[in-house]
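Engineer: Fold the following and give me the result.
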Amino acid sequence: SFRTHMKGGVYVTDTLYLKKMQGLLVTQECLNQNIIYLKYIFSGTFFSPCLFFHSMRAQKQLVLLHREDGPAPKGTVDWLNMRSWISRHLHLACPRRVFSKRSQPKLLELYQRVFEKPADRHSDFSRLARILTGNAIALVLGGGGARGCSQVGIMRALCEAGIPVDLIGGTSIGSLMGALYAEDRSHSRLRIRAREWAMEMTSVFRKVLDLTYPITSMFSGASFNSGINNVFKSKQIEDLWIPYFNITTDITASAMRVHTDGSLWRYVRASMSLSGYLPPLCDPKDGHLLMDGGYINNLPADVARSMGAKVAIAIDVGSRDETNLTNYGDSLSGWWLLWKRLNPLAEKVKVLNMAEIQTRLAYVCCVRQLESVKSSDYCEYIRPPIDRYRTLEFGKFDEIAEVGYQHGKTVFDVWRRSGVVEKMLKDRHQEEFHNTQSRSNVRMLAVNNTWTYTIQSNFIYKAV
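Structural biologist: Predicted structure coming up:
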């Protein structure tokens, strides 16, 4: 096992420094290098918040180990609040052998057998290895109302295609679907929970009860809040199995907000707050007013990239604007337009009304960003054929999800045959590390001159 036993039952691991397969030796020299420094901690244990707070250059990542058959992560925020120097945290579900109390010889014998087996790319330790080596695969889910139900089907096809997900983020309906996946990676349970929520959205009775005097919005938001709260309860973003983020539009600061911590249901609700229908959500941290993230970044693949993803699988379910509009010249008479619409014999014209113009203006920034993402070399763009479905048609959940599933199967089969999946899973550092002895930001210590960074990554894949 690649771990060093510390006082108080805490295990500390530095994956870049190996010590002859007999565990890892953590030294002051290790902390003084520009490396990624990991602290493995068994769920339920305690260690000093000042432990190894020496180097400002090393990236310090907290890795919490959980039993596979144990409860879901909880209370992560308490660990992080006491350790502001931690740059990132991860939750890993571990097989029983990780918690084994075997002697060291028996442990080495056990892991020799483990190393002979092929690595499971879907395991949490495989995800850790990809993140450490810069090979993380992100799933990015865009906003689009009921059309987002297709993302449930695509995620099922993604799993069947054998493509792992190391980071997940989304906007609007995508933030909801992404949070469901990050909380519980079982597709069957994800579908059940997503469908239950979608059916609640079809309730006319709930909508009528939530109507209010439309000064800020048509609805008070209480009913919508209740629906989202019922899905996620008191879950915090920090407690999700897969690293997660969502996007909101901060209309107080006129800025994009990326949420990676805090109350899950609140920030999902904020990311889905469509202007005119729901009031802005007041951020419990600073009181800023948060609106639907689709106004500023409806498909945040660029955010996933900035968080370390090598590739982002981006699923776009947004509406497409009509571009074949009538050229009415330099001026427009509303009376003429009214006559055209009322007269059944008149030639129909396509002219935007005031609400449509305001909506398009609100999404100008988002459209520009989307085109930039689609043309990037790190983004694998997917758009299922869901244009015929309207934004509020949540009652067609099963039909829309099936459309997404069938489209996903087709796309991922093409990816497999064309080598896209293989390229996605390939270690991007492999050739670089074979051709160079050192890097400016990573120090490698070889054991008998045979260990490379890639081999160490494979070690992490299989070790637990």
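Engineer: list the buried ones in stretch 231-243?
Structural biologist: For stretch 231-243, burial by neighbour count (16 or more other CB atoms under 10 Å) applies to V231, F232, K235, Q236, I237, E238, D239, L240, W241, I242, P243. Where you see a C-beta, it was placed from the backbone N, CA and C, and this is true even at glycine.
Engineer: can you tell me which of those residues are in strands?
Structural biologist: Judged by DSSP state E, strands contain none of the buried residues of stretch 231-243.
Engineer: quick one: low-confidence ranges for the stretch 51-200 of the chain?
Structural biologist: Within the stretch 51-200 of the chain, the stretches with pLDDT under 70 are 51-58.
Engineer: before we move on, what about the stretch 301-450 of the chain?
Structural biologist: Using pLDDT under 70, the flagged stretches of the stretch 301-450 of the chain are 362, 429-450.
Engineer: Looking at the buried residues of stretch 231-243, which are in helices?
Structural biologist: Among the buried residues of stretch 231-243, the members falling in helices (DSSP state H) are V231, F232.
Engineer: Nearest to K350 among the buried residues of stretch 231-243?
Structural biologist: Nearest to K350, judged by CB to CB, of the buried residues of stretch 231-243 is V231 at 39.0 Å.
Engineer: Could you give the number of residues near the closest residue to the closest one other than its chain neighbours?
Structural biologist: Spatial nearest neighbour of V231, chain neighbours left out: W197 (5.5 Å); criterion: CB to CB, 6 or more residues apart in numbering. Neighbour count of W197, defined by other CB atoms under 10 Å: 18.
Engineer: same question, the one 5 residues further on
Structural biologist: For T202, the neighbour count with other CB under 10 Å is 15.
Engineer: ok so, going back, quick check: which element contains the residue nearest to V231?
Structural biologist: helix 187-200 (DSSP states H and E).
Engineer: how about that helix as CSV, C-alpha atoms only?
Structural biologist: C-alpha atoms of helix 187-200 as CSV (Å, rounded to 0.1, in the frame of the first residue of the first chain):
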residue,chain,number,x,y,z
HIS,A,187,-28.0,6.2,-13.5
SER,A,188,-31.2,4.4,-12.5
ARG,A,189,-31.5,6.5,-9.3
LEU,A,190,-30.5,9.6,-11.2
ARG,A,191,-33.3,9.0,-13.7
ILE,A,192,-35.9,8.4,-11.0
ARG,A,193,-35.1,11.5,-9.1
ALA,A,194,-34.9,13.7,-12.2
ARG,A,195,-38.3,12.3,-13.4
GLU,A,196,-40.0,13.0,-10.1
TRP,A,197,-38.8,16.6,-10.1
ALA,A,198,-39.9,17.0,-13.8
MET,A,199,-43.3,15.7,-13.0
GLU,A,200,-43.6,18.2,-10.1
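Engineer: From the chain's centroid, how far away is it?
Structural biologist: 18 Å (CA atoms, centre = their mean, to the nearest Å).
Engineer: related to what we said a few turns ago, give the contact list for the residue nearest to V231.
Structural biologist: Taking CB atoms under 8 Å, 6 or more residues apart in numbering as the contact definition, W197 lies against L176, G227, I228, N230, V231.
Engineer: do L190 as well
Structural biologist: V152, M155, M177, L180, Y181, D184.
Engineer: where do the strands sit along the stretch 1-150 of the chain?
Structural biologist: Ranges of strands within the stretch 1-150 of the chain are 4-5, 11-12, 36-42, 59-67, 88-94, 136-141, based on DSSP state E, counting those that start in this stretch.
Engineer: hmm, who's touching the last one?
Structural biologist: Spelled out, that is strand 136-141. 127, 130, 148, 151, 155, 158, 163-171, 173-175, 177-178, 181, 299-301, 303-305, 307-315, 317, 424-425.
Engineer: Mark which of those residues are part of strands, please.
Structural biologist: Filtering the contacts of strand 136-141 for strands - DSSP E - leaves L167, I168, G169, G170, T171, A309, K310, V311, A312, I313, A314, I315.
Engineer: Distance of the third one relative to V258?
Structural biologist: In this structure, G169 and V258 are separated by 8 Å, where distance is defined by CB to CB, to the nearest Å.
Engineer: Neighbour count: these two, which is higher?
Structural biologist: For G169 versus V258, neighbours defined as other CB under 10 Å are more numerous around G169 (31 against 15).
Engineer: So for that one, what's the nearest residue that isn't a sequence neighbour?
Structural biologist: F245 (4.2 Å).
Engineer: helix or strand for that neighbour, which one?
Structural biologist: Using DSSP H and E, F245 sits in strand 244-250.
Engineer: by contact count, what packs against that strand?
Structural biologist: Using 3 or more CB pairs under 8 Å, 6 or more residues apart in numbering; DSSP states H and E as the contact criterion, the elements in contact with strand 244-250 are strand 167-171, helix 173-183, strand 255-259, helix 264-271, strand 289-292, helix 301-306.
Engineer: Let's see that with 6 Å instead.
Structural biologist: If you count contacts as 3 or more CB pairs under 6 Å, 6 or more residues apart in numbering; DSSP states H and E, strand 244-250 packs onto strand 167-171, strand 255-259, helix 264-271, strand 289-292.
Engineer: which of those is buried the deepest?
Structural biologist: strand 167-171 (a mean of 30; mean count of other CB atoms under 10 Å).
Engineer: ok so, going back, any idea of the pLDDT on the residue nearest to G169?
Structural biologist: Per-residue confidence (pLDDT) for F245: 98.
Engineer: From S271, how far off is it?
Structural biologist: F245 sits 10 Å away from S271, going by CB to CB.
Engineer: Please look at Q61 and R88 and confirm they touch.
Structural biologist: Yes - counting by CB atoms under 6 Å, Q61 touches R88, with 4.6 Å between them.
Engineer: Next one: L274, what pLDDT does it get?
Structural biologist: 93.
Engineer: Distance of it relative to D292?
Structural biologist: 5 Å.
Engineer: tell me how far the longest helix anywhere in the chain is from the chain's mean position?
Structural biologist: If you go by DSSP H, the chain has its longest helix at helix 397-418. In terms of CA atoms, centre = their mean, the centre of helix 397-418 is found 20 Å from the chain centre.
Engineer: which residues sit against that helix?
Structural biologist: 149-150, 152-154, 156-157, 161, 195, 198, 382, 384, 386, 389, 421 (CB atoms under 6 Å, 6 or more residues apart in numbering).
Engineer: Sweet, I'm off.
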